[in-house]
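**Student:** take this sequence and fold it.
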Amino acid sequence: MKSIKNTLVKNFIFLILFIVVTMNVLLGTFVKKYYYDNTETLLRNQIQISANFYNKYLSTSSLMENIYDNVDSFWNKSNAEVQILDNSGNLLMDSIGINDTELNQKSDIKKAINGQSGSYVGKVKYSNNKVMAVSEPLTNNGKVIGIIRYVISLEEINRELKVIFLFCAAISIVILLIGIFVSLVLSNRIINPIKRLTFIAEKMANGNLEVRNNSTGQDEIAKLSNTLDYMAEELIKREKLKDEFISSVSHELRTPLTSIKGWVITLKDEDTEKETLKLGFNILEKETDRLSKMVEELLDFSRLVGGKINLKKEKVCISNLIKYIEDYMHPRAVKEKIKFEVFSKLDDKMYYLDIDRLKQVLINLIDNSFKFIDKNGEVKISFKDENGLIIIVEDNGCGISKEDLPHVKEKFYKGSNSKSKNGIGLSICDEIITLHGGNLEIESKEGEETKVIISIPNKKETEL
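**Tutor:** Numbering: from 1, shown residues only. The predicted model follows:
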């Protein structure tokens, strides 16, 4: 596996090396140019003095006469090699006695023949070192009559440049070594928290959710560490809720099963009286219905979590739903001495709904209200239209505590009230309303009232 640390170190070193090499190239170029430019300027100043001297004092005589009679005046102002050429670039005189017949091919001389100052850096036949040459035209009455050329060896300058370059290379090596050390330190500062984060994540993956990063930094890795810690805490909470859910469901399933088993044993007795038989069969029917309801609720929950429920929405008359709810819940309200009222002004208004699922939601919510109010309590359900269907279920029961209220719609959450059950009823209701493109909100004051507000936009499936 490719190490992030090695990648970081390689990238750091490459970056430092690139910067160092670039700086060395730029520095070498500028230093070399500085030295060469200064040398060329010095030569130009010297040759200009000689050219001006010739034009001012010697121009009355011919070039050859001046060479024979006044040759010293051409090089007494400089230590450079001095060459005198005619206006065709042919060498007439060289201060060190060199005879080069190819001088007229040099670029500086060609420019001087045309009346311009010229310069040249390169090799010459009589030296192994590079030289710099500067040429200046000698004129008489505006006409080029010859060329004066100063030539200087660059050996000493190149030697100085080499020393400078070696010094810069040594500094570069030191900088590179420092860069490698710094890159290792920086990479460790980045990699070590990641290694610890990986170690903690592996422990969590193996089931140890109590381990924590406890990071105090503010960077991205610290935020990731804190997120991982938060995730572990949430998983612990979920595990606890799941265990409580399983315990609650097991208890709720065990109760009717125990009752059914007990009555089956009783009914098997041949001496059981007719009245007892009737009572037993009624209880068996109720407990069986209770079991069926719990199983159906669990199946619905499983389908919703797995995303396997598809709503069968169609255009329905809301008055049919209202009548069904009223007829279904009214007998129970009378039996339990609860005041149950239904309010609606929607008449025969049409909505796109899954009518069966919405019945399931409302029955669940009203059933919750009935469970959490005392006798002579009140439960009201209201239907109205405000840019969509609004349904409000409210009661004057025991209410929901501030601690429980933010969590009552969460999966597996079982409230602190002793009447709370398996913690999936409200979760299923919320999922069904969400599938309708709507929203389910719960408002409550502990010891006073609870209000559930359902809002569903009146749109076709294709518009949601």
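
**Student:** where does pLDDT dip in the stretch 301-450 of the chain?
**Tutor:** 301-309, 412-423 (pLDDT under 70).

**Student:** quick one: the strands in it?
**Tutor:** Under the criterion DSSP state E, counting those that start in this stretch, the stretch 301-450 of the chain carries strands at the ranges 314-317, 339-344, 350-353, 378-385, 389-395, 439-445, 449-456.

**Student:** ok, which of those comes nearest L27?
**Tutor:** Checking these against L27 by CB to CB gives strand 439-445 as the closest, at 68.3 Å. Backbone N, C-alpha and C define where each C-beta goes, glycine included.

**Student:** now do the closest one against strand 389-395, angle only.
**Tutor:** Interaxial angle of strand 439-445 relative to strand 389-395 (axes from the mean of the first three to the mean of the last three CA atoms, to 10 degrees): 30 degrees.

**Student:** what is strand 439-445 packed up against?
**Tutor:** Counting contacts by 3 or more CB pairs under 8 Å, 6 or more residues apart in numbering; DSSP states H and E, strand 439-445 is packed against helix 425-435, strand 449-456.

**Student:** what's the closest of these to S259?
**Tutor:** Among these, helix 425-435 comes nearest to S259, with 21.5 Å by CB to CB.

**Student:** domains for the chain, by residue range?
**Tutor:** Here the domain parsing of the chain from automatic domain parsing is 4-161, 220-305, 314-463.

**Student:** need those in TSV with distance to I191 and mean neighbour count, can you?
**Tutor:** Shown next, in TSV, are the domains of the chain (distance: least, CB to CB, whole Å; neighbours: other CB atoms under 10 Å):
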stretch	distance to I191	mean neighbour count
domain 4-161	5	16
domain 220-305	10	14
domain 314-463	38	17
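
**Student:** as TSV, these with distance to L209 would be great.
**Tutor:** Converted to TSV, the domains of the chain look like this (distance: least, CB to CB, whole Å):
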stretch	distance to L209
domain 4-161	26
domain 220-305	5
domain 314-463	17
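
**Student:** which one, of those, ends up nearest to R212?
**Tutor:** Closest to R212 of those is domain 220-305 (CB to CB; 5.1 Å).

**Student:** quick one, what contacts the spatially most central residue of the chain?
**Tutor:** Note on the chain: the residue nearest the mean C-alpha position is E220, at 9.6 Å, using CA atoms, centre = their mean. For E220, no residue meets the contact criterion (CB atoms under 8 Å, 6 or more residues apart in numbering).

**Student:** out of the helices and strands packed on strand 439-445, which is closest to K349?
**Tutor:** Closest among the helices and strands packed on strand 439-445, using CB to CB: strand 449-456, at 12.5 Å.

**Student:** tell me which other helices or strands the closest one touches.
**Tutor:** If you count contacts as 3+ CB pairs under 8 Å, 6+ apart, strand 449-456 packs onto helix 355-371, strand 389-395, strand 439-445.

**Student:** neighbouring strands - and their directions - for the second one?
**Tutor:** In the sheet, strand 389-395 lines up against strand 378-385 (antiparallel), strand 449-456 (antiparallel) (DSSP bridges).

**Student:** in a markdown table: those strands, plus distance to K293.
**Tutor:** Output for the strands paired with strand 389-395, formatted as a markdown table (distance: least, CB to CB, whole Å):
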| stretch | distance to K293 |
| --- | --- |
| strand 378-385 | 19 |
| strand 449-456 | 20 |
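
**Student:** do you know which of those strands lies nearest N226?
**Tutor:** Nearest of the strands paired with strand 389-395 to N226, taken as CB to CB: strand 449-456 at 35.3 Å.

**Student:** residues in contact with the closest one?
**Tutor:** With contacts defined as CB under 8 Å, 6+ apart, strand 449-456 is touched by 351, 353, 361, 365, 369, 372, 386, 388-397, 399-400, 433, 436-444.

**Student:** and K359, how far from I366?
**Tutor:** Using CB to CB, to the nearest Å, K359 is found at 11 Å from I366.

**Student:** what touches both of the two?
**Tutor:** The contact sets of K359 and I366 overlap at I325 (CB under 8 Å, 6+ apart).

**Student:** quick one: mean pLDDT for the longest strand anywhere in the chain?
**Tutor:** Using DSSP state E, we find that the single longest strand of the chain is strand 127-140. The average of the pLDDT scores along strand 127-140 is 87.

**Student:** same question, stretch 101-109
**Tutor:** On average, the pLDDT along stretch 101-109 is 81.

**Student:** alpha carbons only: can I get that stretch in PDB?
**Tutor:** This file holds the C-alpha atoms of stretch 101-109, laid out as PDB (Å, rounded to 0.1, in the frame of the first residue of the first chain):
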ATOM      1  CA  THR A 101      42.200  36.200 -40.900                       C
ATOM      2  CA  GLU A 102      38.600  35.300 -40.000                       C
ATOM      3  CA  LEU A 103      37.800  38.300 -37.800                       C
ATOM      4  CA  ASN A 104      35.500  39.800 -40.400                       C
ATOM      5  CA  GLN A 105      33.100  37.000 -39.700                       C
ATOM      6  CA  LYS A 106      32.600  38.000 -36.100                       C
ATOM      7  CA  SER A 107      29.200  39.700 -35.300                       C
ATOM      8  CA  ASP A 108      30.700  42.700 -33.500                       C
ATOM      9  CA  ILE A 109      32.900  43.500 -36.500                       C
END
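
**Student:** so what touches that stretch?
**Tutor:** 83, 85, 88-91, 110, 113, 118-120, 133-135, 147, 149.

**Student:** for the residues you listed, which one is nearest F340?
**Tutor:** Among those, S119 lies closest to F340 (CB to CB), at 109.7 Å.

**Student:** please name the strands paired to the helix or strand hosting the closest one in the sheet, noting orientation.
**Tutor:** Counting by DSSP states H and E, the element that carries S119 is strand 118-124. Sheet pairing of strand 118-124 (DSSP bridges) gives strand 127-140 (antiparallel).

**Student:** which parts of the stretch 51-200 of the chain are strands?
**Tutor:** Using DSSP E, counting those that start in this stretch, the strands of the stretch 51-200 of the chain run over 81-86, 91-94, 118-124, 127-140, 143-153.

**Student:** redo these as a markdown table? Include distance to T7.
**Tutor:** Converted to a markdown table, the strands of the stretch 51-200 of the chain look like this (distance: least, CB to CB, whole Å):
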| stretch | distance to T7 |
| --- | --- |
| strand 81-86 | 58 |
| strand 91-94 | 63 |
| strand 118-124 | 45 |
| strand 127-140 | 45 |
| strand 143-153 | 51 |
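
**Student:** chain center to the longest strand of the chain: distance?
**Tutor:** The chain centroid and the centroid of strand 127-140 are separated by 64 Å under CA atoms, centre = their mean, to the nearest Å.

**Student:** so where's the stretch 101-250 of the chain shaky on pLDDT?
**Tutor:** For the stretch 101-250 of the chain, applying pLDDT under 70 flags the ranges 241, 244-245, 247-250.

**Student:** I'd like the helices and strands packed on strand 439-445 as CSV, with distance to F343 appended.
**Tutor:** Output for the helices and strands packed on strand 439-445, formatted as CSV (distance: least, CB to CB, whole Å):
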stretch, distance to F343
helix 425-435, 20
strand 449-456, 14
